[in-house]
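A.B. asks: Have a look at this fold, sequence not included:
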């Protein structure tokens with residue numbers, strides 16, 4: 001058999017350069033400049049702002065096309081001709097929108113006419129509030145303070161000259177000139193304000209009809225323009241955008257209708273004037289994220305405040321809105337929404353502000369579907385990937401990277417919160433196996449290539465210890481559940497999963513860190529999992545493996561000793577550690593854990609065990625627990641003793657000479 005050093009050199013040669021060498025030899029790649037993308041984005045925003053009269057109708061038409069496309073597809077599958085399906089759907093949609101707009105306009109006019117009748121109730125309630133405040137002398141004190149401040153501000157300064165005889169102030173007279181209007185002028189004054197909205201509506205109708213007729217042709221032209229070299233990605237992007245936007249518009253409309261109709265009925269039963277108007281406005285305003293429901297509730301609440309002299313109507317109206325919001329948010333929306341928009345809550349708010357600034361109230365209503373289109377663009381077009389990162393709700397970091405970042409920042413509390421969220425669906429051993437240990441491997445790689453200072457390594461190790469201590473309560477809960485779970489798995493072995501571990505009753509295990517502080521933390525994680533299985537376990541630091549301290553470790557009664565290594569180049573050191581531990585505890589199984597994220601070895605595991613002369617060598621926490629709690633007998637280790645000197649008679653009879661005779665290998 002080759003010597004261990006020779007075998008190690010062969011393994012390194014077969015595996016290629018080490019991570020540190022690869023890092024040092026890899027030339028720095030120039031990062032692509034973001035300046036052209038930012039410049040193009042700024043230019044696009046400027047064009048959308050200054051050419052809003054062109055792009056706003058076009059955006060409305062595109063969104064209506066997305067919304068009506070599923071309806072037309074269903075009509076086509078039912079056997080309806082294409083022309084009838086398109087024209088009929090568009091006509092029905094715009095007739096409904098026109099009727100909706102006419103009713104809203106009539107209701108708003110009626111509310112404007114009735115506002116003076118609410119003046120008395122408003123004045124009386126303000127007077128009541130003022131009298132209630134006067135009893136406590138709050139409003140009086142505020143009023144006197146305001147009067148004193150106003151007097152002090154209006155007092156003339158010392159340099160101001162006071163005229164001895166001020167001239168009397170002259171009040172201007174208002175003069176109003178009436179001139180008879182001709183019928184043509186009156187008609188012009190009525191028609192002129194309607195020309196713009198009517199022209200925009202007609203343009204939107206025509207564009208929607210042609211887009212629906214030529215939807216497939218437009219799709220092909222778009223693919224040929226931007227994605228001809230990657231048909232799969234472009235087709236997926238178009239389908240994703242159509243599904244997200246269309247589903248959002250349809251489902252949001254259904255949710256708003258199920259909210260607006262009960263609201264109108266409830267307000268009518270309470271006696272709120274123009275209840276139909278407030279229900280219809282709620283249907284429209286709820287398209288505006290977060291702000292819309294507040295505005296939809298504020299107007300009826302103000303009317304309830306002004307309609308009657310008492311306060312009961314205001315309280316009942318507020319209760320109605322609260323009940324409908326709870327019902328809609330917790331029952332209707334989860335039931336109807338098969339999927340979300342893919343936007344983060346902050347992105348929805350920022351998008352609403354941006355599109356409102358760009359296109360006014362119409363942009364505010366269209367903000368969410370337009371932003372969904374941008375997120376889809378960023379998901380499938382590499383140049384606009386930053387849009388998905390900024391606006392999407394998908395995690396941009398892997399769980400292991402997120403945990404590593406939090407631990408590196410010295411924030412174990414947030415790391416604990418993230419871990420507890422994942423532990424709602426995972427067991428602790430699965431969390432350590434898929435998230436925590438890979439995060440430590442990232443830290444070890446950064447340490448090996450010199451990216452982390454000693455202070456940063458110490459801080460990261462301390463944060464990880466705090467995380468492990470914070471998860472002790474969850475470990476205790478799992479320890480109490482382990483007996484029942486194991487009994488259930490014993491009854492049905494077919495359901496045994498990847499993370500089913502043996503019981504450790506009556507076993508004693510010692511977990512030790514191999515070479516550094518990060519190894520010590522990984523050993524603490526392993527000891528915590530072994531403790532959950534019911535075994536008596538202790539953990540030790542890598543400092544305890546030094547020649548002056550190793551004999552102080554408690555080896556007596558241990559069934560297994562497990563040494564943890566995160567550094568992949570620690571095999572030589574691992575061999576020395578195994579030898580020392582085998583000398584001191586010959587009746588104990590000694591093994592190593594050379595942590596691997598994917599569980600792949602550079603060499604065969606059996607060959608590695610033979611070279612290390614260990615009882616086991618594993619790469620994952622599940623294997624380590626199973627080996628530590630195994631009932632196998634420790635394998636003997638062959639240790640070459642140094643040459644022993646013994647005395648032999650001298651040939652000339654002058655005393656004795658020293659003869660060095662090698663002693664054969666011994667076991668133990």
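C.D. replies: Here it is on my side, so go on. Fair warning: this is a prediction, and the values are worked out from it, not measured in the lab.
A.B. asks: From residue 252, how far off is residue 209?
C.D. replies: 24 Å (C-beta to C-beta, to the nearest Å). Heads up, the C-betas are built off the backbone N, CA and C, glycines and all.
A.B. asks: How about residue 348?
C.D. replies: When distance is defined by C-beta to C-beta, residue 348 is 12 Å away from residue 252.
A.B. asks: same thing with residue 566?
C.D. replies: 50 Å.
A.B. asks: Quick check on these two: which one has the bigger neighbour count.
C.D. replies: residue 566 (26 against 21; other C-beta atoms under 10 Å).
A.B. asks: Phi and psi next, for that one.
C.D. replies: The phi and psi values for residue 566, taken as degrees, to the nearest 10, are phi -100, psi -30.
A.B. asks: which residue packs closest to it, ignoring adjacent ones?
C.D. replies: residue 444 (4.1 Å; C-beta to C-beta, 6 or more residues apart in numbering).
A.B. asks: For the one you found, the count of nearby residues, please.
C.D. replies: Neighbourhood size, residue 444 [other C-beta under 10 Å]: 22.
A.B. asks: who's in contact with the helix or strand hosting it?
C.D. replies: Per DSSP states H and E: residue 444 is located in helix 437-448. If you take C-beta atoms under 8 Å, 6 or more residues apart in numbering as the criterion, helix 437-448 is touched by 19-20, 400-401, 403-404, 407-408, 452, 457, 460, 464, 516, 518, 521-522, 525, 566-567, 569, 595, 597, 621.
A.B. asks: filter the residues you listed to the buried ones?
C.D. replies: Using 16 or more other C-beta atoms under 10 Å as the burial test, the contacts of helix 437-448 include 400, 403-404, 407-408, 452, 457, 460, 464, 516, 518, 521-522, 525, 566-567, 595, 597, 621 as buried.
A.B. asks: Filter these down to the ones in helices?
C.D. replies: The helices, defined by DSSP state H, take in 400, 403-404, 407-408, 457, 460, 464, 518, 521-522, 525, 621 from the buried ones among the contacts of helix 437-448.
A.B. asks: Just the closest of those residues to residue 356, please.
C.D. replies: For these, the residue nearest residue 356 by C-beta to C-beta is residue 403; the value is 38.0 Å.
A.B. asks: And for the closest one, nearest residue in space, chain neighbours not counted?
C.D. replies: Excluding the flanking residues, the one nearest residue 403 by C-beta to C-beta, 6+ apart is residue 439, at 4.4 Å.
A.B. asks: where does the stretch 201-350 of the chain dip in pLDDT?
C.D. replies: Along the stretch 201-350 of the chain, the parts satisfying pLDDT under 70 run over 223, 225-242, 333-342.
A.B. asks: 90 instead, please
C.D. replies: By pLDDT under 90, the low-scoring segments of the stretch 201-350 of the chain are 201-264, 266-350.
A.B. asks: top helix in this structure by residue count?
C.D. replies: Secondary structure of the chain per DSSP H: the longest helix is helix 231-270.
A.B. asks: any idea which helix or strand comes after it?
C.D. replies: Helix 231-270 is succeeded, C-terminally, by helix 275-285 (DSSP H and E).
A.B. asks: In contact with residue 515, which residues?
C.D. replies: Residues in contact with residue 515 (C-beta under 8 Å, 6+ apart) are 542, 565, 567, 570, 573.
A.B. asks: Mind pulling up the pLDDT for residue 192?
C.D. replies: As summarised for this prediction, residue 192 has a pLDDT of 63.
A.B. asks: ok, now residue 464?
C.D. replies: We have a pLDDT of 91 for residue 464.
A.B. asks: now do residue 481
C.D. replies: As predicted, residue 481 sits at a pLDDT of 63.
A.B. asks: And residue 495, by the same measure?
C.D. replies: pLDDT for residue 495: 38.
A.B. asks: likewise residue 442?
C.D. replies: Looking at residue 442, its pLDDT is 90.
A.B. asks: Burial check on it, number of neighbours?
C.D. replies: 19.
A.B. asks: how about the strands in the chain?
C.D. replies: Secondary structure of the chain (DSSP state E): strands at 508-513, 536-540, 560-565, 589-594, 616-618, 638-639, 644-649, 656-661, 666-667.
A.B. asks: before we move on, back to that, just the buried ones among the contacts of residue 515, please.
C.D. replies: Buried subset of these (neighbour count, 16+ other C-beta under 10 Å): 542, 565, 567, 570, 573.
A.B. asks: Give the closest residue to the first one in space, chain neighbours not counted.
C.D. replies: Right, the one you point to is residue 542. residue 513 (4.2 Å).
A.B. asks: doesn't residue 505 make contact with residue 534?
C.D. replies: Yes: assessed by C-beta atoms under 8 Å, residue 534 is found in contact with residue 505 at 4.7 Å.
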